[in-house]
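Asker: next input, structure requested:
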Amino acid sequence: MMPILVIAAIGIGFAALVAFAVTAITPGSQNTAAEDRLQALATRRPKGGKAGEDEPSLLLAGGLDDTKNWASAITSSMPALGTYMDQANVSMPPAQFIGICVAAFAAGTVAVSVTPGVPILLAPIAGLITGATPLIWLKMKRGRRLAKFGRQLPDALELLGRSLRAGHSLAAGFGLIASEMDEPISIEFGRVFQEQNFGIPLEEALDDMASRVPNMDVRFFATAVILQRQTGGDLAEILDKIGHLVRERIQILGQVQALTGEGRLSGIVLLAMPPLLFLVMLWMNKEYVMTLFTDSIGQKLLIMAIITQIVGALVIRKIVTIKV
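Answerer: Residues are numbered from 1 along each chain as shown. Here you go, the predicted model:
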């Protein structure tokens with residue numbers, strides 16, 4: 001039974017690596033950031049068109065590049081992953097990222113399968129851990145980027161307000177933020193500036209930025225700018241007030257994080273303790289731990305342990321997460 005499982009795992013790993021290689025080298029998946037941005041702009045449908053212009057042309061429907069592979073066709077139906085990667089500022093195509101996850105899963109499974117003395121039943125668990133590693137990295141990168149954007153937003157609004165008082169236009173203020181401030185806020189405002197240069201309406205460009213950056217303060221800013229353009233008013237003063245509110249909210253959020261730090265640390269310790277004890281017992285007394293896999297009652301207990309771990313993680317997260 002063992003050789004069959006090892007051969008099957010090696011075959012799956014080899015197929016995954018081949019699929020990843022095909023995805024990586026197939027034309028159409030190596031566009032630069034500028035090409036991807038131009039393709040996104042080219043596939044837009046103009047709003048408010050005349051009668052007879054409801055259907056986009058074949059050129060716009062196909063975008064700027066018609067060389068699509070099978071992986072791109074699959075990931076085109078998964079817009080959430082592309083948006084998630086865009087929020088993390090990962091220029092890798094979604095199909096290639098999925099290929100990396102599959103290859104990592106296969107590598108972890110094969111590594112545990114061919115390791116002597118390790119139970120074969122741990123191979124899928126190791127594969128899930130290694131396969132989830134790229135997703136965890138993506139989530140952490142996205143979280144750090146969005147957090148940094150939130151910290152930079154008050155300074156950007158202050159700079160934009162000073163630019164308006166100096167007599168510059170709103171578009172020039174966006175360009176000033178893109179050139180003077182650091183990433184990631186310079187990239188997002190730079191996209192708005194470029195979209196306006198391409199002829200995209202300001203309302204649509206701001207709505208796109210609010211969609212790319214899931215931040216409540218950004219949506220407040222976009223709504224304020226759109227309303228000011230429709231009703232009038234002192235935009236510089238509005239931006240100053242929004243910036244002040246954002247600073248106050250960030251300060252309160254920092255206080256909340258400090259107060260809930262003990263709960264988060266306790267949750268990490270409680271969630272990490274059972275897997276670590278499992279590995280220690282596996283190293284000290286393998287036969288004792290294997291009862292969980294060979295006995296029917298042990299299998300049920302193992303499933304219940306995994307379920308309670310997940311429920312406990314969700315409960316702890318709910319307790320220590322306070323929205324401000």
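
Asker: what sits against Phe221?
Answerer: Phe221 sits next to Leu153, Leu157, Leu206, Leu239, Ile242 when contact means CB atoms under 8 Å, 6 or more residues apart in numbering. Where you see a C-beta, it was placed from the backbone N, CA and C, and this is true even at glycine.

Asker: Glu203 now?
Answerer: If you count contacts by CB under 8 Å, 6+ apart, Glu203 has them with Ile226, Arg229.

Asker: which helix or which strand is home to it?
Answerer: Per DSSP states H and E, Glu203 falls inside helix 202-212.

Asker: so for whichever helix or strand comes after that helix, what gets flagged as buried?
Answerer: Next along the chain after helix 202-212, taking DSSP H and E as the criterion, comes helix 216-231. For helix 216-231, the neighbour count (16 or more other CB atoms under 10 Å) marks Asp217, Val218, Arg219, Phe221, Ala222, Ala224, Val225 as buried.

Asker: look up the closest residue to the third one, ignoring the ones flanking it.
Answerer: Counting by CB to CB, 6 or more residues apart in numbering, the nearest residue to Arg219 once its immediate chain neighbours are dropped is Ala210, at 4.8 Å.

Asker: I'd say that neighbour and Val218 touch.
Answerer: Yes - using CB atoms under 8 Å, Ala210 makes contact with Val218 at a distance of 5.2 Å.

Asker: ok so, going back, and which of the contacts of Phe221 is nearest to Gly298?
Answerer: Nearest to Gly298 out of these is Leu153 (CB to CB; 52.4 Å).

Asker: sketch out the low-pLDDT regions of the stretch 201-324 of the chain for me.
Answerer: For the stretch 201-324 of the chain, the stretches with pLDDT under 70 are 324.

Asker: about what we covered before: next one: the helix holding Glu203 to chain centre, how far?
Answerer: 18 Å (CA atoms, centre = their mean, to the nearest Å).

Asker: same deal with stretch 178-191?
Answerer: Offset of stretch 178-191 from its chain centre (CA atoms, centre = their mean): 19 Å.

Asker: give me the contacts around it.
Answerer: The contact list for stretch 178-191, computed with CB under 8 Å, 6+ apart, reads 37, 89, 145, 148-149, 152-153, 155-156, 159, 174-175, 177, 193, 205, 208-209, 212-213.

Asker: could you do stretch 163-170 as well?
Answerer: Residues from elsewhere that reach stretch 163-170 (CB under 8 Å, 6+ apart): Leu160, Ala172, Gly173, Leu176, Leu202, Val225, Leu235, Ala236, Leu239.

Asker: check stretch 286-293 too.
Answerer: For stretch 286-293, the surrounding residues in contact (CB under 8 Å, 6+ apart) are Gly117, Pro119, Leu121, Phe278, Met281, Leu282, Gly298, Gln299, Leu301, Leu302.

Asker: one more: stretch 139-152?
Answerer: 84, 87-90, 181-182, 184-185, 188, 213-215, 217-218, 246, 250.

Asker: same question for it, mean pLDDT?
Answerer: Model confidence over stretch 139-152, given as mean pLDDT, is 90.

Asker: contacts only, for the closest residue in space to Leu135 that isn't next to it in sequence.
Answerer: Using CB to CB, 6+ apart and skipping the chain neighbours, the partner closest in space to Leu135 is Cys101 (6.5 Å). Contact partners of Cys101, counting by CB under 8 Å, 6+ apart, are Gly131, Ala132, Pro134, Leu135.

Asker: okay, and the last one sits in which element?
Answerer: So that's Leu135. helix 122-165.

Asker: angle of that helix against helix 216-231?
Answerer: Interaxial angle, helix 122-165 versus helix 216-231 (axes from the mean of the first three to the mean of the last three CA atoms, to 10 degrees): 40 degrees.

Asker: now do helix 122-165 against helix 202-212, angle only.
Answerer: Calculated by the same axes, to 10 degrees, helix 122-165 forms an angle of 150 degrees with helix 202-212.

Asker: now do the buried residues in whichever helix or strand Arg247 is part of.
Answerer: Assigned by DSSP H and E, Arg247 belongs to helix 235-259. Neighbour counts over helix 235-259 (16+ other CB under 10 Å) mark Leu235, Ala236, Ile238, Leu239, Asp240, Ile242, Gly243, Val246, Arg247, Ile250 as buried.
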